[in-house]
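**Q** The sequence and its predicted three-dimensional model are supplied below.
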Amino acid sequence: MATTATADDANREPLRELRRIRDARASLAREEALQVRRARAAGQSWEAIALCLGISRQAAHKKFGRL
């Protein structure tokens, strides 16, 4: 049986999903930073880290160099 969407449902659902995506993105960013720190602590080069992330060495260092 199909349900009828109300104006409130139409406004709320996409916003809830956007918040969920935002939260997931933040969680992934924290995990990424943690793994970069671990890789650096293990002696991995910026070049190796960048290769795994699909970015340039310079971009990796700029984004994570202060961690």
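**A** Okay, I see it. Being a predicted model, the structure only gives us computed values, none of them experimental.
**Q** drop to CA atoms for contacts and neighbour counts, all remaining ones
**A** Will do.
**Q** any idea how far Arg37 is from the residue lying closest to Ala59 once chain neighbours are set aside?
**A** Distances taken as CA to CA, 6 or more residues apart in numbering place Ala50 nearest to Ala59, at 7.6 Å, with adjacent residues excluded. Distance of Ala50 to Arg37, given as CA to CA, to the nearest Å: 13 Å.
**Q** Can you list the helices and strands that the helix ranked longest in the chain packs against?
**A** The longest helix of the chain (DSSP state H) is helix 7-41. The contact analysis (3 or more CA pairs under 8 Å, 6 or more residues apart in numbering; DSSP states H and E) places helix 7-41 against helix 46-53.
**Q** Now do the helix it packs on: distance to the chain's middle.
**A** Helix 46-53 sits 16 Å away from the centroid of its parent chain (CA atoms, centre = their mean, to the nearest Å).
**Q** quick check: angle from that helix to helix 7-41?
**A** Counting by axes from the mean of the first three to the mean of the last three CA atoms, to 10 degrees, helix 46-53 lies at 150 degrees to helix 7-41.
**Q** Run a quick neighbour tally on Trp46.
**A** When neighbours are counted by other CA atoms under 10 Å, Trp46 registers 20.
**Q** show me what contacts it?
**A** Trp46 is in contact with 40, 57, 60-61, counting by CA atoms under 8 Å, 6 or more residues apart in numbering.
**Q** who touches Ala50 in this structure?
**A** For Ala50, the contact set (CA under 8 Å, 6+ apart) comprises 56-57, 59-60.
**Q** about what we covered before: pLDDT of the longest helix of the chain, averaged?
**A** Computed over helix 7-41, the mean pLDDT rounds to 91.
**Q** for stretch 45-58, same thing?
**A** The pLDDT scores in stretch 45-58 average 98.
**Q** So which bits of it are buried?
**A** Using 16 or more other CA atoms under 10 Å as the test for burial, stretch 45-58 gives 46, 49-50, 56-57.
**Q** Test my guess that Ser56 contacts Lys62.
**A** No. Contact criterion CA atoms under 8 Å: Ser56 and Lys62 do not qualify, at 9.8 Å.
**Q** now the angle from the host helix or strand of Gln58 to helix 46-53?
**A** Assigning secondary structure by DSSP states H and E places Gln58 in helix 57-64. Here helix 57-64 runs at an angle of 90 degrees relative to helix 46-53 (the same axes, to 10 degrees).
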